[in-house]
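A.B. asks: Please find the sequence and the predicted model below.
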Amino acid sequence: MSLITVNNLVRYYGNHRAVDNISFTLKTGDILGFLGPNGAGKSTTMQMLSGNLAPHEGEIHINGFDLLDDPKRAKAEIGYLPEQPPLYKEMMVDEYLAYCARLHRIEKPRIDNAIKLAKTRCGLMESGHRLIANLSKGYQQRVGIAQAILHSPKVIILDEPTVGLDPNQIREIRDLIVKLGQEHGIILCTHILPEVESVCNRVQIINKGKLVYEADMADLLDERTAGFHEIVLLHPPSINQIYAVADINNVERINDNTFLVHTTNSTAENIVNAAVANNWGLIKLIPHEKTLEQIFVDLTLSDEKRSDKNNAEIES
Ligand code: ADP
């Protein structure tokens with residue numbers, strides 16, 4: 001069963017359709033990277049999923065419970081770490097977690113155990129009596145994650161969990177996310193594309209309120225190593241002569257001297273041999289990687305550029 005099922009979710013601010021008919025699912029074991037430029041609708045979506053903002057249209061089921069019809073049970077299945085963690089810095093860690101346990105409606109006899117377990121999982125066993133204000137940012141973030149998992153929710157939503165941390169702290173928090181992913185479904189909102197590549201097994205991109213991309217990381221990595229090469233030739237032949245080289249699957253001319261070739265055997269050996277044998281003047285050969293960053297830029301920036309260009313044309 002899906003941990004989260006979102007169907008045709010819509011949210012307006014005034015007339016602005018900030019989230020525009022999005023649908024997706026999250027399954028056990030998923031660490032889903034939720035990406036998008038500023039203003040794309042990520043926080044609005046996360047606030048709706050965590051039950052803090054009502055949708056105008058659509059349905060959200062959390063572990064089978066309808067968030068709108070059965071909000072108590074649905075919310076019990078969600079742990080949320082907002083971008084600004086809701087920490088009371090004048091409290092000690094244990095005191096704060098006990099307070100959160102009550103907010104999560106954990107039964108009294110179970111509170112001590114729940115706190116112990118969350119602290120163990122977040123590496124906070126030695127920190128129970130420390131004031132939150134005196135902890136490093138990385139440890140404060142661990143406390144934020146501990147409050148999100150205290151009630152053993154099936155789903156954890158983490159909004160920009162590594163922003164402002166140093167590289168070692170970032171690594172620790174990413175390791176923690178991967179560990180948590182073994183037992184929970186996780187949605188990770190982030191701007192940091194390498195973070196998605198190192199932590200997530202699925203990725204989706206939202207732009208202007210719409211989902212514009214959805215993929216398994218494994219498929220993305222397969223595509224990346226699938227034999228695309230950019231070649232630059234001083235004396236370029238006709239495109240058909242390049243097609244005639246063995247194992248060439250596809251050729252695209254980028255400009256007079258540059259071609260994007262796709263080989264079926266993933267190597268560039270035949271094309272290099274042909275370039276040398278036929279005196280095509282091989283200047284450059286670049287393995288062409290379809291990175292997440294490229295996909296992100298193509299899907300989100302090109303739109304803006306297009307509208308900038310259109311506006312410029314209208315104005316001129
Ligand atoms: P993201 O988290 O991807 O940066 P948001 O969900 O915060 O995007 O915002 C999506 C859109 O909705 C943006 O255009 C933003 O300006 C607008 N928006 C967000 N919150 C409000 C609000 N409380 N009132 C009016 N507009 C809002």
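C.D. replies: Thanks, I have the structure now.
A.B. asks: Now do the SS call for Ile177.
C.D. replies: helix (DSSP: H, G, I helix; E, B strand; the rest coil).
A.B. asks: so what pLDDT did the residue nearest to it when sequence neighbours are not counted get?
C.D. replies: Once flanking residues are discounted, Ile177 sits nearest to Val199: 5.4 Å by CB to CB, 6 or more residues apart in numbering. Using the backbone N, CA and C atoms, a C-beta is placed for each residue, glycine as well. Note for Val199: predicted pLDDT of 94.
A.B. asks: Tell me the spacing between Val199 and Gly123.
C.D. replies: With distances taken as CB to CB, to the nearest Å, Val199 is found 17 Å from Gly123.
A.B. asks: Please say which of these two ends up with more neighbours.
C.D. replies: More crowded of Val199 and Gly123, by other CB atoms under 10 Å: Val199, with 23 against 17.
A.B. asks: hang on, that one packs against Ile173?
C.D. replies: No - in this structure, Val199 is not within contact of Ile173 by CB atoms under 8 Å, at 9.5 Å.
A.B. asks: Which positions in this protein make contact with the ligand?
C.D. replies: Tyr13, Ala18, Gly36, Asn38, Gly39, Ala40, Gly41, Lys42, Ser43, Thr44 (CB under 6 Å from any ligand atom).
A.B. asks: For the third one, give me its contacts.
C.D. replies: Neighbour list for Gly36: Lys42, Ile205, Ile206, Asn207, Thr300 [criterion: CB atoms under 8 Å, 6 or more residues apart in numbering].
A.B. asks: Closest to the centroid, which residue in this protein?
C.D. replies: Geometric centre of the chain, nearest residue: Gly33, 1.9 Å, by CA atoms, centre = their mean.
A.B. asks: can you pull the pLDDT of Thr5?
C.D. replies: Reported pLDDT for Thr5: 97.
A.B. asks: That one and Ile31: what is the separation?
C.D. replies: Separation of Thr5 from Ile31 (CB to CB) stands at 18 Å.
A.B. asks: So for those two, which sits in the more crowded spot?
C.D. replies: The neighbour comparison of Thr5 against Ile31 (other CB under 10 Å) goes to Ile31, with 24 against 18.
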